[in-house]
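1. The sequence and its predicted three-dimensional model are supplied below.
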Amino acid sequence: MEKLNVQLTREHLFDFLLYHTFSKASGFLVNMLGMCLIVLGAVM
């Protein structure tokens, strides 16, 4: 049985999260919906 040792730097983790957040339309739409709710909350 082999063991793998994986080390991520903050930069790699940040890039990974950005890619998975914005690579699909659903991730982008969720972010836009959240931004709209923040704006609407600030206006009201």
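-> Sure, I can see it.

2. quick one: low-confidence parts of the chain?
-> Residues of the chain meeting the criterion pLDDT under 70: none.

3. Quick check: residue 34 vs residue 5, distance?
-> Distance, residue 34 to residue 5, using CB to CB, to the nearest Å: 36 Å. (C-beta placed from N, C-alpha, C; glycine too.)

4. who has more neighbours, those two?
-> More neighbours surround residue 34 than the other of residue 34 and residue 5, with 10 against 4 (other CB atoms under 10 Å).

5. State the distance from the more buried one to residue 40.
-> When distances are taken as CB to CB, residue 34 and residue 40 turn out to be 11 Å apart.

6. do the same with residue 13
-> Looking at residue 13 against residue 40, where the rule is CB to CB, the gap reads 31 Å.

7. Which elements pack onto the helix or strand containing residue 42?
-> Element membership for residue 42, per DSSP states H and E: helix 25-43. Identification of packing neighbours for helix 25-43 by 3 or more CB pairs under 8 Å, 6 or more residues apart in numbering; DSSP states H and E yields helix 10-22.

8. What about the nearest residue to residue 31 once chain neighbours are set aside, how many residues nearby?
-> Computed as CB to CB, 6 or more residues apart in numbering, the closest residue to residue 31 that is not its neighbour in sequence is residue 21, at 6.7 Å. Other residues within reach of residue 21 by the criterion other CB under 10 Å amount to 12.

9. who's in contact with residue 21?
-> 27-28, 31 (CB atoms under 8 Å, 6 or more residues apart in numbering).

10. can I get those residues in a markdown table with neighbour count and distance to residue 17?
-> Written out in a markdown table, the entries for the contacts of residue 21 read as follows (neighbours: other CB atoms under 10 Å; distance: CB to CB, whole Å):
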| residue | neighbour count | distance to residue 17 |
| --- | --- | --- |
| 27 | 14 | 10 |
| 28 | 12 | 14 |
| 31 | 12 | 12 |
